Structure formats: structure tokens, C-alpha cells
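# How does the following fold in three dimensions:
(2 chains)
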Amino acid sequence: ETGVTQSPTHLIKTRGQQVTLRCSSQSGHNTVSWYQQALGQGPQFIFQYYREEENGRGNFPPRFSGLQFPNYSSELNVNALELDDSALYLCASSLVAERNTGELFFGEGSRLTVL
Amino acid sequence: GENVEQHPSTLSVQEGDSAVIKCTYSDSASNYFPWYKQELGKRPQLIIDIRSNVGEKKDQRIAVTLNKTAKHFSLHITETQPEDSAVYFCAAPPPGGYQKVTFGIGTKLQVIP
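Reported below is the predicted structural model:
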């Protein structure tokens, strides 16, 4: 069974630039959620993708967008980067099924630094 | 939306002692309560969860208790070991949105050998 993988692991951008982060979900999972974790804080829900459509969104502006592909992998795009976007971005996959356990399987994250 | 408060924010215990972390929530419709553990530099991982149809759930040294009337739930770790040192997060996601979880600031547990 393959776990959740994310790329890149680390990256540095400057204000105003755009970034794309990638996530491969765990084998058998059909749902991907993205989280932002600032230093010393808990993960904050950005959005969730299910069947290639956004299925819920947290309190993040539209410059945070995403995609889910037919193989359930996903991308997170952030436009017009701001200094406060510096954080660890976590992808979590899960299986939406009749008996929903609710468990999230996280990747190791992509650490973004905005200068 | 959900609103969860977690206490304490930091906790230091001697190895072998027990640790208790408490969370309160505001949405009385919440019916699923997970606990995640995040070791330094690692990913969060689910360690235990409870649904509202039971009052307690146990898994070896960890247990979670739920008081739906008072709208709080607690994580109990007994016989703590150094490897229990981590940040622990609770959550109370909305019904039907178990995976749309927003975590609180967490509790940093330090187990002193």
C-alpha cells in the first residue's frame, strides 16, 4: 500500500509569485484535502476535493485554488504569494465511503518559504 | 462552524505519570471526535477517535472520554513514555464533513525521563 506523497518537500518563492504543490493520494483513497500549518499552529483546512470537484472550503481567499485528477492525485495552486503564506502545506487523503471512519492520512508536507 | 478549544497548550509530566488533555466544542450536532498526534517534524497521525454513541474508548495506554451534555471530550494517556512527547490535536468536524477538519492550536506534551 502506497502512502500519501507530496512534492516538492521544500521551496522558496518571492512575494507575488505563484506556486504549485502536488499530492498523490494513498492507494484506494478517493478524497484529498489540503491544509496549511503555520509554525506553532494546528493544521487549517483549505479545501477538499472529491470526484474532481471542490467539496468544501475553509476560510482561504480565491488565490488558493486546486485540482483533482482522475487518478485522485491533486494540486494546490497559490497565486500572488504573500509573506504570510509561508507555512507547511499538508495533503491528506481519505476514503469517502458509506461507513466513513473520518481518518485522514497525511503526507509529509511541502514547506513553503515566501521572501 | 465548529469551534474547539483545547487545554492545556503545554503539558509536562514525569515518565510513568498520566497526562490528560481536554477539548470543548460548541456545535451540539458534532458526533465524531478524532485525536491526532504530531511528532516534531513529522506528519499528523490519527491515534484514536470516538463517536457520540459511546462515552469512552480505549486503546492500550490511550483513552478518550466524551461528555455530550457538557460538550467536552478528553484524551488520557497512562504510563507515559518519552515517545509520547509530541503535539496533540483534537477536532470536532461537522456531521457529514468528517474530513473537513480544522484543528486547534494543540497541546505540546513533554514527557520527562
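# residues from chain B in reach of chain A?
B:32, B:34, B:36, B:42-46, B:49, B:89, B:93, B:97-106 (C-beta under 8 Å from any C-beta of the partner chain). C-betas here are computed from N, CA, C, even on glycine.
# So among those residues, which ones count as buried?
Buried residues within the residues of chain B next to chain A, counting neighbours by 16 or more other C-beta atoms under 10 Å in any protein chain shown: B:32, B:34, B:36, B:43-44, B:49, B:89, B:93, B:97-104, B:106.
# For the residue positioned nearest the centre of chain A, grab phi and psi.
For chain A, A:W34 is the residue whose C-alpha lies nearest the centre (C-alpha atoms, centre = their mean; 2.8 Å). Dihedral pair for A:W34: phi -120, psi 140, per degrees, to the nearest 10.
# what bridges to it?
For A:W34, the beta-bridge assignment (DSSP bridges) gives partners A:F47, A:C91.
# show me where pLDDT drops low in the chain?
By default, I'm working from chain A. A:1-2, A:96-101 (pLDDT under 70).
# you looked at the wrong chain, it should be chain B
Counting by pLDDT under 70, chain B shows low-confidence ranges at B:1-2, B:96-99.
# Roughly how far does A:G102 sit from A:R111?
Distance of A:G102 to A:R111, given as C-beta to C-beta, to the nearest Å: 26 Å.
# Comparing those two, which residue is more hemmed in?
A:G102 (19 against 15; other C-beta atoms under 10 Å in any protein chain shown).
# Go ahead and confirm the more buried one touches B:P34.
Yes - counting by C-beta atoms under 8 Å, A:G102 does reach B:P34; the two are 6.2 Å apart.
# residues in chain A within reach of chain B, list them.
Contact residues, chain A versus chain B (C-beta under 8 Å from any C-beta): A:31, A:33, A:40-45, A:48, A:56, A:58, A:90, A:92, A:94, A:96, A:100-104, A:106-109.
# switch the cut-off to 6 Å
A:33, A:42-45, A:48, A:56, A:94, A:100, A:102-104, A:106, A:108 (C-beta under 6 Å from any C-beta of the partner chain).
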